[in-house]
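Participant: Just a sequence and a predicted model for now, questions to come.
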Amino acid sequence: MKTKLYFTAIMLLGFIGVSNAQAQNQECMTNLSIYVEHAKVKNYEAAYAPWKMVYDNCPDVNWANFAYGERILKDKIKKSSGADKDANIQDLLALFDNSRKYFPKKATLSSVLIDQVLLKYDNKMIANDEIYSSFSKGFIEDRTNFKNPKALYLYFSSLVDLHKAGSKELQEVFDVYDDVTEKIEEENIKLTDRISQLLPKEEAGTLTSKEKKQLKASTTNSESFGKIAGSIDTKLGDLADCGNLVPLYQKSFEGKLQTVALTGVLLPVSDEVNDKFGERDNLNLAAKLYVLLFDTDIDLIFLTGDSRSTSYGFDLSKNLAARLWRQPVLDRAAFIAHFLQV
């Protein structure tokens with residue numbers, strides 16, 4: 001008899017639990033419809049209460065909780081100040097975390113980290129070390145989705161500032177510069193391809209409304225990447241001067257041959273960097289082989305690329321004696337001595 005009573009009680013509680021869940025889910029769906037309609041017309045104040053009910057009780061019921069929730073909370077941040085604003089910012093940061101928890105396919109690692117860092121950055125709540133560590137994690141672990149132009153710039157810019165403060169090595173700056181500029185080039189190629197596909201349809205007047213938005217977005221993003229690329233070159237600045245270049249190979253010996261070192265540098269041309277060295281988007285390569293032999297410094301120098309004909313040169317000096325001859329040519333890496341044109 002007791003067993004039957006226990007079983008009946010369990011069944012009853014289970015039925016009540018299912019009924020409550022169904023009722024709550026229905027309430028969530030009703031409030032979901034209400035806040036979505038308000039949010040569509042940007043009436044975010046009216047949307048907040050029904051959104052909050054759904055977000056708190058049924059966070060995974062629909063991606064709209066996070067897509068519209070971000071807009072609703074950003075509106076509250078914009079209209080608040082002091083402690084209230086800080087609390088709203090914390091709510092939005094938590095929403096970004098939860099978006100990845102409940103919808104990991106939509107909220108990628110990079111997109112969440114970028115949203116969080118940019119929110120803190122825009123509100124002056126983050127330092128360079130946190131910017132760099134967060135973006136480094138996103139770029140390394142989820143490079144495919146790390147394609148926000150502003151985030152790419154801040155990733156590199158924060159590293160340069162950390163290097164100047166003495167906490168990061170110069171080689172790391174060069175490594176990240178290569179990674180970021182390569183990523184910008186990759187994204188620009190995708191955007192250019194998409195634009196080239198849509199332009200003929202625009203000229204023919206056959207673009208759909210969706211394709212018009214895609215063309216506008218692709219054009220805007222391509223322009224943004226171009227500006228960011230120039231800003232990154234500017235940020236690199238004099239760190240790319242010859243005195244800061246790290247040898248690709250260096251070894252010391254005992255005997256008449258004391259040292260061998262090979263140093264290379266890429267010389268891009270843009271509106272911001274090396275603009276007098278050649279046409280925009282030109283790329284040049286220079287290299288120097290240094291040998292210390294019989295107490296004599298010997299430099300063998302090489303330059304090739306889009307902006308200049310291939311050239312060779314050398315110079316040498318004995319101990320502290322003056323150089324025999326030197327003719328600096330490179331805009332960024334002024335170590336080309338005397339040219340033998342080919």
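Facilitator: Received the coordinates, thanks.
Participant: Quick check: chain neighbours aside, which residue is closest to Val269?
Facilitator: Nearest residue to Val269 in three dimensions, chain neighbours excluded: Asn282, at 4.1 Å (CB to CB, 6 or more residues apart in numbering). C-beta here means a position set from N, CA and C on the backbone, and glycine is covered the same way.
Participant: distance of that neighbour from Asp56?
Facilitator: Distance, Asn282 to Asp56, by CB to CB, to the nearest Å: 57 Å.
Participant: more neighbours, the two?
Facilitator: Of the pair Asn282 and Asp56, Asn282 is the one with more neighbours under other CB atoms under 10 Å, namely 16 against 10.
Participant: and the more buried one, how far is that from Ile228?
Facilitator: 19 Å.
Participant: again with Pro50
Facilitator: 39 Å.
Participant: Ok, Val180 next?
Facilitator: 9 Å.
Participant: looking at it, Leu162 is touching Asp129, isn't it?
Facilitator: Yes. Assessed by CB atoms under 8 Å, Leu162 is found in contact with Asp129 at 6.5 Å.
Participant: Find the residue closest to Pro59 in space, skipping its chain neighbours.
Facilitator: Tyr102 (5.4 Å).
Participant: Repeat that for Lys256.
Facilitator: Sequence neighbours aside, Phe294 is the residue nearest to Lys256 in space, at 5.6 Å (criterion: CB to CB, 6+ apart).
Participant: That neighbour: how many residues sit nearby?
Facilitator: Phe294, neighbours per other CB under 10 Å, totals 10.
Participant: swap in Trp51?
Facilitator: Residues lying near Trp51 (other CB under 10 Å) number 25.
Participant: What helix or strand is it located in?
Facilitator: Element membership of Trp51, judged by DSSP states H and E, is helix 44-57.
Participant: which residues does Ile72 contact?
Facilitator: Contact partners of Ile72, counting by CB atoms under 8 Å, 6 or more residues apart in numbering, are 35, 39, 44, 47-48, 51.
Participant: hmm, try it at 10 Å
Facilitator: 35, 38-39, 42-48, 51-52, 55, 65, 88, 91-92, 95 (CB atoms under 10 Å, 6 or more residues apart in numbering).
Participant: Buried among those? Need that as a selection in PyMOL.
Facilitator: Buried members of those can be picked out in PyMOL with the line below, counting by 16 or more other CB atoms under 10 Å:
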select buried, resi 35+38+39+44+47+48+51+52+55+65+88+91+92+95
